[in-house]
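1. Sequence below, structure please.
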Amino acid sequence: MDQKATQALAFGFSHLGERDCWMKAPLLTAAYVTHDGVEQADRALDRAVATQRSDGSLAYSDAVHAPGGHIRSFTPLPSLSASLGYPLLLSLARQENAALRAGADRLAQGLLATRRTKDGGICARAEAPELWVDFTYLICPFLALYGQQTGDRQALDEAFRQFAIHVDHLFDRRKGLARHAWCERPDHYPQSTFWTRGNGWLICAAVDLLDVAPDHPGANLVRQIGGDALQSMATYQDASGYFTHILDDPTSNLEASGTLMYAYAVARAVRQGVVPGDQLASAHRAFAVVAGGVEPSGKVPGVAVPPGGPGVPFDWAPFGQGFYALAAHALDQAGGQAA
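-> Residues are numbered from 1 along each chain as shown. This is a model prediction of the structure:
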């Protein structure tokens, strides 16, 4: 793996806050995928399970009360930390661990029992019956891999069902892109922009689901939506190789994490036959422009920090570090050259 990716993982782990919850999930996933930083990831997961709440939520899952973005408060449900369940299962695939297995079981039980919209969508937060595009990635790969590992068909089916329900509410087929958040009551979009990282969560969920269960009856919808979103996103790529923070607003800032998620997802989608191989050149350009700005410390700058959406500051975040390493690894496997 490229040296900058190793440095990005090391920076992420050395600056990781214990209570970062979902933000650390792509970093931990990258450690298991690349086999770099596995010991640090193991320690983070041990602590995530040690601080698991009674409802199954991992890693404290603290409530957030802060101005900025499109929300003022966020009380987590198990759906938020389900993202940590995916690297937890990757760890268990390497070596069985009774404490981690029990933690995964509690998370799955809590997630399946949590609050839902009327049509069965697992809610993003306790404040309202809402679906956020982020949660396609936070929820679906965990449920699919959990179902595959344990033989729990309900969990596997639920992974694809959740993807379909979120798509039904959030994916604009005219645009080929997903909106950020939908609220059931009253029926409206509290944040409706075509946010780059939001679409990044969707396309990364799609390729990860297809890796876990490519033959599931729901996989055709995942292929269709993932492919449509990837090809629509490509039309908004800036000449620099970056994507802007809001896809269809060229005056918004160039943003690193969504750009890396695009590079990662394209590399995987080409191998899966979801998008044509000629799209790989744009993925290499996306990765290369972000790589050019990685600091000597391994810090990946230019990331719109949580809660995402318009109006948030830019800095670094653990998921940006993780997706740098994931994109580097996926592009190395896919081959090809930057244009």
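
2. and the closest residue to residue 73 other than its chain neighbours, how many neighbours?
-> Excluding its sequence neighbours, the residue lying closest to residue 73 (CB to CB, 6 or more residues apart in numbering) is residue 65, at 4.9 Å. Just so you know, the C-beta spots here come from the backbone N, C-alpha and C atoms, and that holds for glycine as well. If you count neighbours by other CB atoms under 10 Å, residue 65 ends up with 10.

3. how about the strands in the stretch 151-300 of the chain?
-> Secondary structure of the stretch 151-300 of the chain (DSSP state E, counting those that start in this stretch): strands located at 171-172, 177-178, 181-183, 188-191, 243-244, 254-255.

4. Which one of those has the poorest average confidence?
-> In terms of mean pLDDT, the lowest-scoring of the strands of the stretch 151-300 of the chain is strand 188-191 (a mean of 93).

5. show me what contacts residue 21?
-> Taking CB atoms under 8 Å, 6 or more residues apart in numbering, we find residue 21 in contact with 58-62, 76, 80-81, 84.

6. Of those residues, which is the nearest to residue 163?
-> Of all these, residue 163 sits closest to residue 80, with 17.3 Å by CB to CB.

7. Which helix or strand in the protein has the lowest average pLDDT?
-> strand 64-65 (a mean of 84; mean pLDDT, DSSP states H and E).

8. partners of that strand, with directions?
-> The partner list of strand 64-65 in its sheet, established with DSSP bridges, is strand 73-74 (antiparallel).

9. contacts for the strand it pairs with?
-> 63-65, 125, 127, 307.

10. Show the buried residues in these.
-> Listed as buried from those are 64, 125, 307; burial here means 16 or more other CB atoms under 10 Å.

11. any idea which of those residues is closest to residue 201?
-> Residue 201 has its nearest neighbour among those in residue 307, at 13.0 Å by CB to CB.

12. residues in contact with the closest residue to residue 226 other than its chain neighbours?
-> Spatially, and ignoring its direct neighbours in sequence, residue 226 is nearest to residue 206 (3.0 Å; CB to CB, 6+ apart). Contact analysis of residue 206 by CB under 8 Å, 6+ apart lists 136, 163, 222-223, 225-226, 229, 265, 269, 274.

13. Which residues does stretch 84-101 contact?
-> With CB under 8 Å, 6+ apart, stretch 84-101 has contacts from 21-22, 24-25, 28-29, 31-33, 38, 41-42, 45-46, 48-49, 58-59, 103-104, 107-108, 111, 141-142, 145-146, 149, 208.
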